[in-house]
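> Pasted the sequence and its predicted model underneath.
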Amino acid sequence: MNIDNKVLHIGKKAKIASNQTRLLSSEIKNKALKILIENIKNNSKKIILSNKVDIENANKKSLSNPLINRLSLTNNSIENLIDSIDKIINLPDPIGKILNEWKQPNGLIFKKISVPIGVLGVIYESRPNVTIDAACIALKSGNALILRGGSDSFNTSSTLVDIIENSFEKAGCPKNLVQMIPFVDRKGVDSLIQMNDFVDVIIPRGGKNLIKKIYEKSKIPVIKHLDGICHIYIDKDADFKKAIKVLVNSKLRRPEICGAAETLLIDKAIQEHAMKFLKPLIVKGCEIRGDDFIKNLNNDIVIANEIDWSTEYLDKILSVKIVNGVEQAIDHINNYSSGHTESIITENDKTFLRFYNNIDSAIILKNASTQFADGGEFGFGSEIGISTNKLHVRGPVGAQHLTSFKYIVLGDGHERP
């Protein structure tokens with residue numbers, strides 16, 4: 001059986017499973033998630049051993065430290081996964097909710113009710129935690145799931161899928177609710193994104209080139225997660241202590257994630273204080289790439305070029321620029337942003353509103369770290385990704401976002417005149 005036929009067979013099984021998954025009760029869904037928590041705990045050593053194989057392979061391939069950080073699972077990160085599953089259990093079931101209800105003058109009653117999308121195709125590279133997050137969110141939202149993990153995380157993801165399948169089936173969920181394409185040949189991606197008869201939406205997580213390819217070639221609607229070129233603007237009316245705290249956390253808490261700040265903009269009115277903001281970063285090993293003014297502040301700072309303003313470093317590197325007030329900050333962000341997350345540090349509410357109203361990104365923060373761009377922090381339990389789409393969902397994609405709706409119309413022998 002060639003690759004196209006193998007993936008097609010997976011798609012057909014997923015479609016059958018989705019028709020059964022949409023009927024699952026809240027009780028069965030939550031039971032499955034509770035069993036999954038226990039099975040992850042019982043198999044944590046096995047998960048970490050599989051992950052060690054992936055890490056060893058990554059080192060042999062000389063992958064960068066940020067990529068290896070994304071790939072790594074530890075006892076602590078497994079605890080975080082368990083915590084996110086527990087939060088998903090405690091979320092209300094997003095299916096079967098009456099979203100709107102009204103009565104027309106002719107007596108017809110209309111109800112708009114949430115339903116699952118159907119079959120989700122999730123394509124990702126080096127983040128094995130996506131395997132768990134996607135499976136739990138798919139189940140909670142009543143969808144079937146096809147996973148296509150990358151070669152870097154293949155061993156870890158395969159182990160996790162085995163645990164997921166065992167847990168869900170033990171709870172009485174349909175067989176094939178979660179499937180993983182069992183090979184890393186890139187033709188598997190090509191086949192998956194053409195199966196519009198069996199897959200309802202594609203959600204890619206990975207590098208810019210992967211997402212661009214999928215967006216251009218997919219026959220299926222795509223919820224895209226583009227680069228996180230996130231900005232922080234320190235306004236002239238900023239509280240400097242807040243600014244330093246937020247900046248250091250935004251860049252260095254986890255520099256390899258999409259919510260990490262990549263560019264800092266400083267109001268020209270406070271440019272003489274620029275080193276107050278930059279020194280704590282430099283001390284912690286962050287490379288600064290700045291405009292002419294910033295470059296001349298310190299011998300360790302290198303000059304930024306045009307490419308730097310549109311680069312997602314995913315590392316301890318920050319580009320820095322002086323801007324002439326909030327309007328120039330807005331212009332820079334609208335020119336270079338990927339539409340992901342931006343933060344302004346200011347005590348001036350009018351300036352914040354100008355910033356908010358004029359920037360078209362999914363998440364706008366005031367006096368808070370860009371690393372709050374996360375489904376768990378939004379109260380969604382977890383996320384499949386941060387959507388930079390404007391349709392069908394924007395920002396963190398949780399269970400409640402992977403739904404559609406249909407209408408019930410109740411009559412009493414009504415005829416249309």
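It's in. All values reported here derive from a predicted model rather than from experimental measurement.
> From Asn76, how far out is Val178?
Taking CB to CB, to the nearest Å as the measure, Val178 falls 25 Å from Asn76. Every C-beta, even on glycine, is put in place using the N, C-alpha and C of the backbone.
> Apologies, that question was intended for Phe198.
38 Å.
> out of the two, which sits in the busier spot?
Phe198 (23 against 8; other CB atoms under 10 Å).
> secondary structure element for the closest residue to the more buried one other than its chain neighbours?
What sits nearest to Phe198 in space, not counting adjacent residues and going by CB to CB, 6 or more residues apart in numbering, is Gly11, at 3.4 Å. Assigned by DSSP states H and E, Gly11 belongs to helix 3-21.
> any low-confidence regions in the stretch 301-417 of the chain?
Applying pLDDT under 70 to the stretch 301-417 of the chain picks out no residues at all.
> how would you label Asn100: helix, strand or coil?
Secondary structure for Asn100, judged by DSSP: H, G, I helix; E, B strand; the rest coil, is strand.
> which residues sit in contact with it?
110-112 (CB atoms under 8 Å, 6 or more residues apart in numbering).
> cool, His225 as well?
Counting by CB under 8 Å, 6+ apart, His225 touches 203-205, 211, 258, 385-388.
> give the contact list for Asn389.
Asn389 neighbours (CB under 8 Å, 6+ apart): 222-224.
> make it 7 Å
223-224 (CB atoms under 7 Å, 6 or more residues apart in numbering).
> Equivalent analysis for Gly206, please.
123-125.
> With respect to Lys15, which of the contacts of His225 is nearest?
Nearest to Lys15 among the contacts of His225, counting by CB to CB, is Ile203 at 17.2 Å.
> Can you tell me what sits against stretch 359-376?
Outside stretch 359-376, the residues that touch it by CB under 7 Å, 6+ apart are 84, 87, 230, 232, 242, 246, 249-250, 253-254, 257, 259-261, 330, 333-334, 337, 339-345, 352, 356, 381-383, 386-388, 394-396, 398.
> Against Asp4, how distant is the residue nearest to Phe198?
In terms of CB to CB, Gly11 sits 10 Å off from Asp4.
> Neighbour count: those two, which is higher?
Gly11 (22 against 14).
> just for the chain, where's the confidence low?
Using pLDDT under 70, the flagged stretches of the chain are 1.
> quick one, helices of it?
3-21, 26-42, 44-60, 65-71, 75-89, 129-140, 154-170, 187-192, 208-217, 240-252, 274-283, 292-295, 325-336, 349-358 (DSSP state H).
> Would you format the ones you listed as CSV with distance to Ile98 included?
Formatted as CSV, these follow (distance: least, CB to CB, whole Å):
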stretch, distance to Ile98
helix 3-21, 21
helix 26-42, 15
helix 44-60, 40
helix 65-71, 40
helix 75-89, 22
helix 129-140, 18
helix 154-170, 28
helix 187-192, 34
helix 208-217, 34
helix 240-252, 40
helix 274-283, 49
helix 292-295, 55
helix 325-336, 39
helix 349-358, 32
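> most packed of those helices?
Burial of the helices of the chain is given as mean neighbour count (mean count of other CB atoms under 10 Å); helix 129-140 ranks first at a mean of 27.
> So what angle separates the directions of that helix and helix 26-42?
Angle, helix 129-140 to helix 26-42, by axes from the mean of the first three to the mean of the last three CA atoms, to 10 degrees: 160 degrees.
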